[in-house]
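Enquirer: sequence and predicted structure, then a few things I'm wondering about:
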Amino acid sequence: MRQVSTCGLTAFAALGVCALGIACAARAAPDTLMPVQRQTLCVTEGAVGAGAGTALKVDSAKMRAYVNLATRQIVEAHFTYLGATADSARLGSGAMRRQFGLKLRAQDACNLVYVMWRIEPESKLVVSVKTNPGQTTSAQCGNRGYRNIKPLHASAIPVLKSGDAHTLHAELHQAGLRVWIDNSLVWEGALGPDAQGLNGPIGIRSDNARLEFELKTGPPLGAALGSLPDCRSGAAETE
C-alpha cells in the first residue's frame, strides 16, 4: 500500500498544511476499514440492490444514501462504472451531469461535505461543502448553500469509461480533507470552519450513473454495530 505523508511534502509543510487540520499520518490501512452491508445503508432516494458477489448495485438516475452508523470520517468505495442509466434526471440547478461520489459529515440534506467524481460532461474531482444554517430539509434549502473548495494540491484523475474499476478513498480530519484514487493522492486541502462544525455520518451519491460497488468506512464510534438509529429516509432527506 502506497503511503503519503502530508508533512513529508516540503512545499505544503511550508504553507502550514498540517496546522490547517490535515492529518500528517499516512492513509488508513485497509485492514482498519469496515465493510458496509446493505442493511446498514439508509437509502434516501433511488435504490441500492445486490450486485455480483458481495457488491451493491445502482441503476437509478438519482441515488442518495448514508451509513446509518457513527464512524470515523474515512470512506472508501471500490466501484465499477457500468455506463449511463436508462433514464436521466437533471440536478436541482437544471444541469445534466453524470457523477458518483462520497459524502462526509452528512448532518442532513442541507449541511454536508461532498467528494464527487464527475464523469460527464467533464471529467474532474470536485469537493464541495453545502451549508445552510438553521435549515435541515430539502424543501428548505433546495440546491442552495454549495461552495466548491479550492485544493492546496490536486492531480489529474482518470477519464471513466464503461467497465472501468477504481477505488475512491477520502479521509476528513478536523477541517482537512485528503482524497485518493487507486492509492494515488489526488486532492488535499482545508475545508474551513463551516465543514468543521458539521456532525453526521458518511455516505454516497450518484447521478445518472450505473454502478457496482463495495463500500467501507472507518471504525465505528460509540454504539455497538447492532444499535442503529432509525433510518432517516424520505423526500426531506434528499440533497
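Expert: Received, thanks. Numbering: from 1, shown residues only.
Enquirer: OK, contacts around the closest residue to Ile74 other than its chain neighbours?
Expert: Spatially, and ignoring its direct neighbours in sequence, Ile74 is nearest to Gly218 (3.3 Å; C-beta to C-beta, 6 or more residues apart in numbering). For the C-beta atoms, the positions are set from N, CA and C on the backbone; glycine is no exception. Neighbouring residues of Gly218 by C-beta atoms under 8 Å, 6 or more residues apart in numbering: 28, 32-34, 71-75, 171.
Enquirer: residue closest to the middle of the chain?
Expert: Most central in the chain under C-alpha atoms, centre = their mean is Leu102, positioned 1.3 Å from the mean C-alpha point.
Enquirer: any idea of the pLDDT on Glu120?
Expert: At Glu120, the pLDDT value in this model is 96.
Enquirer: how about the backbone phi and psi for the nearest residue to it once chain neighbours are set aside?
Expert: Spatially, and ignoring its direct neighbours in sequence, Glu120 is nearest to Arg98 (4.2 Å; C-beta to C-beta, 6+ apart). With angles defined as degrees, to the nearest 10, Arg98 sits at phi -110, psi 120.
Enquirer: distance check, Arg98 against Tyr81.
Expert: 9 Å (C-beta to C-beta, to the nearest Å).
Enquirer: okay, and the common contacts of the two?
Expert: Contact criterion C-beta under 8 Å, 6+ apart; residues shared by Arg98 and Tyr81: 119, 209.
Enquirer: show me where pLDDT drops low in this protein?
Expert: Applying pLDDT under 70 to the chain flags residues 1-26, 223-229.
Enquirer: show me where it has its helices.
Expert: For the chain, helices defined by DSSP state H occupy the ranges 10-14, 138-141, 193-196.
Enquirer: return the set of buried residues in the last one.
Expert: I take that to be helix 193-196. Within helix 193-196, the residues that count as buried by 16 or more other C-beta atoms under 10 Å are 194-196.
Enquirer: next one: that helix to chain centre, how far?
Expert: Per C-alpha atoms, centre = their mean, to the nearest Å, the displacement of helix 193-196 from the mean C-alpha position of its chain is 16 Å.
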